[in-house]
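S.K.: I would like the atomic coordinates for the input below:
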Amino acid sequence: MHETLSSLMERAFQENPRPLEFYLREQSHLPGTRANLGLMNDLSNLIAAVVGKRPQDVRALLRYLVQDKESLKSNTPDEFVVLCGVVSFGACAAVYQKWRPEVFLLLGNFACSSSWRVREGAAIGFQRLLSSAPEETIAYLRVLASEGNYLQQRASIAALAEPPLLHTDAMKEAALDVQRAILQRFREIPLIERKREDVKVLRQATGYTISVIVAALPEQGFALMCECALWGDPDITWALRENLKKKRLAKFTEQAEHVSKFLA
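M.R.: Residues are numbered from 1 along each chain as shown. Next comes the predicted model:
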């Protein structure tokens, strides 16, 4: 696969990106239940490996891949092509520092896509950046959490709530801070506004992200859950209950029971 991708990438750099696009479409596994994430990762890694030497060629290719971002239909090969471009932007900025300010903004915009796969691609792009440029990326995710719209808030916490990333105190504390900011902002959303699709997307994300962070930082995480349980907010109460069901919290029996008492 790498040989094929490398050849198609080189043709794309010679101003013939259509063969690569067609290959991505054919190998997308869409329509289907799961896109070809292996191909997405392989492509993003190959592109990131050459961005330092050929930034203009790479930029032109990625712009081509995401050109249809505004008119996507769900579960289609078109959606996969854009997904590959979005993740590749993040992978490139992870290794090519000059691109980071631009790509932070791009991923923030992609996080607002009507396509859930593209929104997930934005979160994955941020995760690539978190691995190589944690301080810069955390700073931007904090801005999205405190000032961004509902979908951008979702991207910020979805990016951080990834167990392999939560291996340093700084990353764990940042994830907890971002989760707290999002829950506090969610609490302020008028009930009538919570029927909006973007609010529902954010609500759905909180149904799992809290437990990821609590598992990494139990003492502070359960304290946050207790605090939120006292709010009596119906959607946040739902999110807390959903997180208490997760297997990752199964070993924290006593702490989970303590939170449950406030939800009764």
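
S.K.: tell me where the stretch 1-150 of the chain has helices.
M.R.: For the stretch 1-150 of the chain, the helices identified by DSSP state H, counting those that start in this stretch occupy 2-13, 18-26, 37-50, 55-65, 77-95, 100-110, 116-132, 134-147, 150-160, in order along the chain.

S.K.: other residues contacting the third one?
M.R.: Taking CB atoms under 8 Å, 6 or more residues apart in numbering as the criterion, the residues outside helix 37-50 that touch it are 1-2, 5-6, 9, 24, 27-28, 57-58, 61-62, 80, 83-84, 87-88, 90-92, 94-96, 128. Using the backbone N, CA and C atoms, a C-beta is placed for each residue, glycine as well.

S.K.: looking at the helices of the stretch 1-150 of the chain, which is nearest to residue 263?
M.R.: Between residue 263 and the helices of the stretch 1-150 of the chain, the shortest gap by CB to CB is with helix 150-160, which sits at 21.0 Å.

S.K.: sorry, back to before: out of the helices of the stretch 1-150 of the chain, which comes closest to residue 177?
M.R.: Of all the helices of the stretch 1-150 of the chain, helix 134-147 sits nearest to residue 177, with 7.0 Å by CB to CB.

S.K.: what's the closest non-adjacent residue to residue 248?
M.R.: Beyond its immediate neighbours in the sequence, the residue positioned closest to residue 248 (CB to CB, 6 or more residues apart in numbering) is residue 215, lying 4.4 Å away.

S.K.: which PyMOL command selects the buried ones in the contacts of helix 37-50?
M.R.: The following PyMOL line selects those of the contacts of helix 37-50 that are buried, judged by 16 or more other CB atoms under 10 Å:
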select buried, resi 5+9+24+27+28+57+58+61+62+80+83+84+87+88+90+91+92+94+95+96+128
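
S.K.: sorry, back to before: quickly, which of the helices of the stretch 1-150 of the chain bottoms out on average pLDDT?
M.R.: When the helices of the stretch 1-150 of the chain are compared on mean pLDDT, helix 2-13 scores lowest, with a mean of 93.

S.K.: which outside residues touch that one?
M.R.: So helix 2-13 is in contact with 17, 19-20, 23, 42-43, 46-47, 50, 54, 57, 61, 64, going by CB under 8 Å, 6+ apart.
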